[in-house]
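J.: Fold the stuff below for me.
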Amino acid sequence: SKRSRSTVAGISILLILAALAGVGVHEWRTLHPTVKPFVVVAGLKNDSGDPAYDWLATDLSETLTADLGASTDIQTVPPDELARVRTELSIPPTQNLESQNLAEVRQVLGANYVVFGSYSINSQSLEKTLTLDLHLEDSSGKTLGSFQRSGNETEYGKLVTEVAAEVLSKLGKARLPETEASQLQNLYPSNREARKLYFEAVDKLRSMDAPGALDSLKKAAQQEPGNVAIHSTLADTWSQLKHDPEAADEAKKAAELAGKTPLPFEYIVLARARSEEMTRDWASAGKDYGLLFPHYQQLSYGLQLANAQLEGSQPKAALDTLNQLSGLRPPMNADPRIEITKAKVYGAMNDFSGELRSAQMALSEAQKRGARLMQANAELELCWAHRNLGHVDDAFAACNQAETLFSASGDTVNAVSYTHLTLPTILRV
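T.: Numbers count the residues shown, from 1 in each chain. Below is the predicted model:
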């Protein structure tokens, strides 16, 4: 029987990008002389001495990343990617990146610029004051600039916008036009309590505490029901919990709100594509993800486009998209998820030898990077390939290894799902 792929959406795949040899990076940059600066906002330390302000670390990092990434002259590392790397390197979300960790994170992500620093709250005065103290480093660890801004705690969005403009200027790039800067202010909740709950939920979700994130997001939605990010993250949370109808409902709400909210084009299209993906409208999802990739050179957009094409019975188009991903900057262009998705495509085309080959390549690369969740997903594809080739013992061993890796990585939802649903399906004759 043909393999069902409907459960693929929402599986949490832990990404860690490995260090690339200097020769490979040099060759790629030679072929791409006009490559954009690749910037990672590596996190901010709470120097307030009050853990009640820990959530601001995530808020400030996400907001600064969005402000920098909105520039057409800059490419930024998505916050989810950084969170996954920190998890893989056993760096707690609230821990500041010291020089050694900072260099390792930069190398693993392939970023050539890093923004990091701290923030503090002065609560002694009548109006609380927020102070940002940030630094910009290049790939050699040289500090290119330091930026300090202080202002009313309730207006920290303005401080972030000012710092983003300074970073862009230091990199020789123009600041955002006023209209685009204004649209970015609509991304996240404006209600103070909703915003706090939202970013606390984001931290929980990245720590694989989906039930805890769900509780915080429901409260945030009560405080600010019209925010796109809240409903979009609720969709992701329900998806992690394998509640597909609830996930689709929240994704639809997010898409409808995005269509009514002044947001950057990228976020409107992404909300729409996610809704179409979760409602299995693959033709529409493929069109919208096609607006995002390759225009935005993000690995996740390319993978989502390929998945929509695969689910929409366009395996050859999916392979073309996956082959385009090899043109991304290192180390994204060798990410194991590319071969994992190729294995699924080959399986759908009944090319089971190709499915096995891609699964083995994905597993080898994931092991090289020490990325356990990607190893788990590669083992799962290996299980399917062996099953399709009639190698029952090998299939059983690969599926058991996938379950072990999911559990070891803290992804108990997928571990249970594959034990009780996927494994019996795969091994059914």
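J.: Show me where this structure dips below the pLDDT cut-off.
T.: 1-34, 93-94, 98-100, 125, 412-429 (pLDDT under 70).
J.: middle-most residue in it, spatially?
T.: Nearest to the mean C-alpha position of the chain, by C-alpha atoms, centre = their mean, lies Asp80 at 3.5 Å.
J.: Would you map the helices across the stretch 51-200 of the chain?
T.: Per DSSP state H, counting those that start in this stretch, the stretch 51-200 of the chain carries helices over the ranges 55-69, 79-88, 99-109, 156-170, 178-184, 192-206.
J.: how about those in TSV, adding distance to Asp288?
T.: Heads up, the C-betas are built off the backbone N, CA and C, glycines and all. Below are the helices of the stretch 51-200 of the chain laid out as TSV (distance: least, C-beta to C-beta, whole Å):
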stretch	distance to Asp288
helix 55-69	19
helix 79-88	19
helix 99-109	27
helix 156-170	27
helix 178-184	19
helix 192-206	23
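J.: returning to what we had before: would you confirm that the residue nearest to the centre of the chain contacts Arg206?
T.: Yes: assessed by C-beta atoms under 8 Å, Asp80 is found in contact with Arg206 at 7.0 Å.
J.: how about stretch 62-78: buried residues?
T.: With burial defined by 16 or more other C-beta atoms under 10 Å, the residues of stretch 62-78 counted as buried are 62-71, 74-78.
J.: Contacts for that stretch, please.
T.: For stretch 62-78, the surrounding residues in contact (C-beta atoms under 8 Å, 6 or more residues apart in numbering) are 36-41, 79, 109, 111, 115, 157, 160-161, 163-164, 167-168, 171, 173-176, 180-181, 184, 187-188, 199, 202, 264, 297-298, 300, 329.
J.: Can you measure across that stretch, start residue to end residue?
T.: Distance between the two ends of stretch 62-78: 9 Å, counting by C-alpha to C-alpha, to the nearest Å.
J.: Return the residues in contact with Leu97.
T.: Contacts of Leu97 by C-beta under 8 Å, 6+ apart are Ala42, Gly43, Ile91, Val105, Phe116.
J.: Of those, which belong to strands?
T.: Judged by DSSP state E, the subset of the contacts of Leu97 located in strands is Ala42, Gly43, Phe116.
J.: Any of the residues you listed buried? List them.
T.: For the ones in strands among the contacts of Leu97, buried by 16+ other C-beta under 10 Å: Ala42, Gly43, Phe116.
J.: on that earlier part again, looking at the ones in strands among the contacts of Leu97, spot the one nearest Ala210.
T.: Gly43 (22.1 Å; C-beta to C-beta).
J.: hang on, the earlier thing: which member of the buried ones among the ones in strands among the contacts of Leu97 is positioned nearest Gln360?
T.: Looking across those and measuring by C-beta to C-beta, the closest to Gln360 is Ala42, at 33.6 Å.
J.: ok, that closest one touching Leu102?
T.: Yes: using C-beta under 8 Å, Ala42 is in contact with Leu102, at 6.1 Å.
J.: Give the other helices and strands that whichever strand or helix holds Val345 contacts.
T.: Val345 is located in helix 336-348, with elements delineated by DSSP states H and E. The contact analysis (3 or more C-beta pairs under 8 Å, 6 or more residues apart in numbering; DSSP states H and E) places helix 336-348 against helix 299-311, helix 315-324, helix 352-369, helix 372-388.
J.: starting at the chain centroid, how far to the last one?
T.: For helix 372-388, the separation from the chain centroid amounts to 21 Å (computed by C-alpha atoms, centre = their mean, to the nearest Å).
J.: For the contacts of Leu97, please prepare TSV with the additional fields distance to Lys260.
T.: Converted to TSV, the contacts of Leu97 look like this (distance: C-beta to C-beta, whole Å):
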residue	distance to Lys260
Ala42	34
Gly43	33
Ile91	39
Val105	38
Phe116	36
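J.: Tell me the one of these nearest Val345?
T.: Nearest to Val345 among these, counting by C-beta to C-beta, is Val105 at 31.7 Å.
J.: what's that closest one in contact with, if anything?
T.: Per C-beta under 8 Å, 6+ apart, neighbours of Val105: Val40, Ala42, Leu82, Val85, Arg86, Leu89, Ile91, Leu97, Val114.
J.: Looking at these, state which has the most neighbours.
T.: Val40 (27 neighbours; other C-beta atoms under 10 Å).
J.: distance of that one from Ile340?
T.: 24 Å (C-beta to C-beta, to the nearest Å).
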